[in-house]
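> sequence unknown, structure follows:
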Ligand code: HMG
């Protein structure tokens, strides 16, 4: 039985900062951002947007298309949790008026948790082939103002329907995975910005890729030339390109600039203008590849490398299914990305410093442009959400 991703829907904030604006504010040559790390814009969530509103907005299209009726498992992967006890997915379940017969839980392991959720969902469908799972991965990537990580900030969520006989991408069973206890990036409960040992994190990302690939290749006998495209976890697009170059060098596989471009470029397009979406990042890459590739991807094999600091990595593969183009949300994604509002530096800093009040008081948040749901305020220690459409 084939199991995999049946539909994929992406949502990001309606606001962004051009990295030219950030470069001017930090007195940095903008080419460090545009070329050095390969990023052009970063998505910034306004005060009335959080992982719940972004996750629900991503899944809203699926609900509108009647795709959530057979969902009995909702996994929400995030490292931007809003509550120590209640799962973000339960709020989403309520906002989307999903069936009560549903298991719902939140998963965490930095940017890797989206892949953990996908693999668990596949296991659920294998046992319940007539049922579906909804996997949501969503995050806000936030570093200190003026820190080296600042230009890689971003936000977004991806909602994926996981089923038997998937219409988009069959996920193949063999996987190489690797865990090692390291401190390359983390966020203690008392901080709203991540801490990171930047250069070290890029080294661990690559080490974990090599280890995951070694296992995967041992299990499958496949070589890098058996893949048509790759989707990497994308903290910044240059990281994915460098990692692939490194893997090829290690395996003595020849790789010219044009080849690298044709293997990766379409998967990098959305991330370059949204920034890091942590747990959602690699799936934003998949949506970008499926939506924007000019060639017909039917039957093509995609290699996936998922990485979450701390760290866990996984290499696996998927095969694009016939007719996949008919079930994409590419036009919606394009419209969303084209219609965003650019922020000035001062607007960015004001939003950054707004924060969610932690004083236990009553709060009503200013209304910005959001998707179908917004985080309207806090009352009696409870987050309140409202429907905008
Ligand atoms: P930095 O140290 O300020 O940057 O920040 P740099 O000085 O290394 O410059 C970056 C690149 O730009 C260099 O290229 C420069 O040469 C180049 P490289 O040597 O690497 O090839 N450059 C220029 N290019 C053209 N024109 C110029 C120019 N100036 C410089 N004028 C760093 C880089 C990655 C450290 C920073 O962005 C950072 O800390 N980011 C956050 C951490 C991160 O993203 N790590 C990635 C791996 S870990 C991961 O992916 C997990 C994560 O997503 C979290 C999770 O799992 O939850 C982060």
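Right, received. Where do you want to start? Computed from a predicted model, the values in this text were never measured in an experiment. Numbering: from 1, shown residues only.
> Residue 95 reaches residue 56, doesn't it?
Yes - using Cβ atoms under 8 Å, residue 95 makes contact with residue 56 at a distance of 4.5 Å. Just so you know, the C-beta spots here come from the backbone N, C-alpha and C atoms, and that holds for glycine as well.
> So which of those two has more stuff around it?
Using other Cβ atoms under 10 Å as the criterion, residue 95 and residue 56 rank with residue 56 on top: 29 against 21.
> Surely that one is within a helix?
Yes - with DSSP: H, G, I helix; E, B strand; the rest coil as the criterion, residue 56 is part of a helix.
> which stretches of the stretch 1-150 of the chain form strands?
Secondary structure of the stretch 1-150 of the chain (DSSP state E, counting those that start in this stretch): strands at 3-11, 15-18, 41-43, 71-77, 103-107, 132-141.
> in its sheet, what does the first one sit against?
When pairing is defined by DSSP bridges, strand 3-11 lines up against strand 154-164 (antiparallel), strand 169-179 (antiparallel).
> returning to what we had before: give the residues shared as contacts by residue 95 and residue 56.
373, 385 (Cβ atoms under 8 Å, 6 or more residues apart in numbering).
> who in the stretch 201-350 of the chain is up against the ligand?
Residues of the stretch 201-350 of the chain lying close to the ligand by Cβ under 6 Å from any ligand atom are 201, 202, 205, 233, 235, 236, 239, 276, 278, 307, 308, 309.
> Show the buried residues in the residues you listed.
201, 202, 205, 233, 235, 236, 239, 276, 278, 307, 308, 309 (16 or more other Cβ atoms under 10 Å).
> nearest to residue 185, of those?
Within these, proximity to residue 185 (Cβ to Cβ) peaks at residue 309, which comes in at 3.5 Å.
> Just confirm the closest one contacts residue 113, I think it does.
No - using Cβ under 8 Å, residue 309 is not in contact with residue 113, being 11.3 Å away.
> Most tightly packed of the strands paired with strand 3-11?
strand 154-164 (a mean of 29; mean count of other Cβ atoms under 10 Å).
> So that one, near the ligand or not?
No - using Cβ under 6 Å from any ligand atom, strand 154-164 stays clear of the ligand, coming no nearer than 9.9 Å.
> avg pLDDT for that strand?
The average pLDDT within strand 154-164 is 98.
> Now do it and strand 71-77, the angle between them.
150 degrees (axes from the mean of the first three to the mean of the last three Cα atoms, to 10 degrees).
> quick one: strand 154-164 to chain centroid distance?
Chain-centre distance of strand 154-164: 8 Å, with Cα atoms, centre = their mean, to the nearest Å.
> swap in stretch 7-16?
10 Å.
> Now do the buried residues in it.
7, 8, 9, 10, 11, 12, 13, 14, 15, 16.
> Equivalent analysis for stretch 297-316, please.
Neighbour counts using 16+ other Cβ under 10 Å place 297, 300-316 of stretch 297-316 among the buried residues.
> ditto for stretch 340-354
For stretch 340-354, by 16+ other Cβ under 10 Å, it's 340, 343, 347, 348, 351, 352.
> Reformat those as a markdown table; add secondary structure and pLDDT.
Shown next, in a markdown table, are those (DSSP: H, G, I helix; E, B strand; the rest coil; pLDDT from 0 to 100):
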| residue | secondary structure | pLDDT |
| --- | --- | --- |
| 340 | coil | 98 |
| 343 | coil | 98 |
| 347 | helix | 98 |
| 348 | helix | 98 |
| 351 | helix | 97 |
| 352 | helix | 97 |
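> Backbone torsions only: list them for residue 364.
For residue 364, the backbone dihedrals are phi -120, psi 130 (criterion: degrees, to the nearest 10).
> And for residue 312?
Main-chain dihedrals, residue 312, degrees, to the nearest 10: phi -140, psi 140.
> Over to the one 4 residues further on?
The phi and psi values for residue 316, taken as degrees, to the nearest 10, are phi -150, psi -180.
> What score does it have for pLDDT?
Taking residue 316 on its own, its pLDDT is 98.
> List the residues that contact the nearest residue to it once chain neighbours are set aside.
Among residues not flanking residue 316 along the chain, residue 175 sits closest, at 4.2 Å (Cβ to Cβ, 6 or more residues apart in numbering). When contacts are counted by Cβ under 8 Å, 6+ apart, residue 175 touches 119, 216, 219, 314, 315, 316.
> now do residue 306
So residue 306 contacts 111, 112, 114, 115, 233, 282, 313, 314, 315, 316 (Cβ under 8 Å, 6+ apart).
> Let's see that with 10 Å instead.
By Cβ atoms under 10 Å, 6 or more residues apart in numbering, the residues touching residue 306 are 111-116, 118-119, 175, 177, 208-209, 212, 231-233, 279, 281-283, 312-316.
> Residue of the chain nearest the ligand, please.
residue 36 (2.0 Å; Cβ to the nearest ligand atom).
> now that residue, nearest residue through space, not along the chain?
Closest residue in space to residue 36, ignoring its immediate chain neighbours: residue 238 at 6.8 Å, by Cβ to Cβ, 6+ apart.
> For my notes, confirm the one you found occurs in a helix.
Yes - counting by three-state DSSP, residue 238 is located in a helix.
> neighbours of it, just the number please.
Using other Cβ under 10 Å, residue 238 is surrounded by 19 other residues.
> Double-check it against residue 40; I have them as touching.
No - Residue 238 lies out of contact with residue 40 (Cβ atoms under 10 Å); the separation is 11.9 Å.
> Give me the common contacts of the two.
Overlap of the contact sets of residue 238 and residue 40 (by Cβ under 10 Å, 6+ apart) consists of 33, 272.
> all helices for the chain, in order.
19-26, 31, 51-64, 88-95, 113-127, 198-220, 237-250, 257-274, 281-292, 330-338, 345-354 (DSSP state H).
> counting contacts, what elements does the shortest one pack onto?
By that I understand helix 31. Using 3 or more Cβ pairs under 10 Å, 6 or more residues apart in numbering; DSSP states H and E as the contact criterion, no helix or strand is in contact with helix 31.
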